[in-house]
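Asks: What would the 3D arrangement of this be:
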Amino acid sequence: MERLLEHLVIIAWNIYIGNTPTKARKVLKSMIRIHKPDVIALMEAGNLYGELDELGYNVIHLMPKPLRKGNQPGQGNIAILVSPDYTVKEKKALRMSTFWIGPKHGWPQDPRVY
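Replies: Next up is the predicted model:
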């Protein structure tokens, strides 16, 4: 018989603004200790690639790598952390196809990957 969940705790955080990897890890450790989330979804997490492994969660995070020279990378923007209580059986990415220009700084952007 399959295990049924009474509830699933998910935290979503746009982590980029005002956070260094050190500060982000400290806050994530606190969130994990207090809320014991099953899944953590981080947006704008490109600067955290390789920085999330020590949290005890299974990390799904693409390496940020621009497709065109000078572009801001579209992959690596999203990081998903899954509690070790769960097994990730399959991973898929939704890949957009349009290159675009960022509205704030006017920087060229690669298509987003979710």
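Asks: Over the strand or helix carrying Ser30, what's the mean pLDDT, rounded is fine.
Replies: Here Ser30 sits within helix 21-35, counting by DSSP states H and E. When the per-residue pLDDT values of helix 21-35 are averaged, the result is 96.
Asks: For that helix, list every residue counted as buried.
Replies: Buried residues in helix 21-35, counted by 16 or more other C-beta atoms under 10 Å: Ala24, Arg25, Leu28, Ile32. (Glycine included, C-beta is placed from N, CA and C.)
Asks: Looking at the residues you listed, which one is closest to Arg3?
Replies: Checking the buried residues of helix 21-35 against Arg3 with C-beta to C-beta, the nearest one is Ile32 at 21.4 Å.
Asks: quick one: which of the buried residues of helix 21-35 is nearest Gly74?
Replies: Among those, Ala24 lies closest to Gly74 (C-beta to C-beta), at 20.5 Å.
Asks: which residues touch the residue nearest to Leu62 when sequence neighbours are not counted?
Replies: Of all residues not flanking Leu62 in the chain, Gln75 sits nearest, at 4.1 Å (C-beta to C-beta, 6 or more residues apart in numbering). Under the criterion of C-beta atoms under 8 Å, 6 or more residues apart in numbering, the neighbours of Gln75 are Leu62, Met63, Pro64, Lys65, Ala93, Asp110, Val113.
Asks: Starting from Asn14, give me the distance back to Gln75.
Replies: 17 Å (C-beta to C-beta, to the nearest Å).
Asks: now Thr87
Replies: As defined by C-beta to C-beta, Thr87 lies at a distance of 28 Å from Asn14.
Asks: If you count surrounding residues, which of the two has more?
Replies: The residue with more neighbours, out of Thr87 and Asn14 and counting by other C-beta atoms under 10 Å, is Asn14; that gives 11 against 7.
Asks: and that one, what are its phi and psi?
Replies: The phi and psi values for Asn14, taken as degrees, to the nearest 10, are phi -80, psi 100.
Asks: Kindly report the same for Ile80.
Replies: Torsion angles, degrees, to the nearest 10, at Ile80: phi -120, psi 130.
Asks: for the one 3 residues further on, same thing?
Replies: Note on Ser83: its backbone torsions stand at phi -50, psi 140 [degrees, to the nearest 10].
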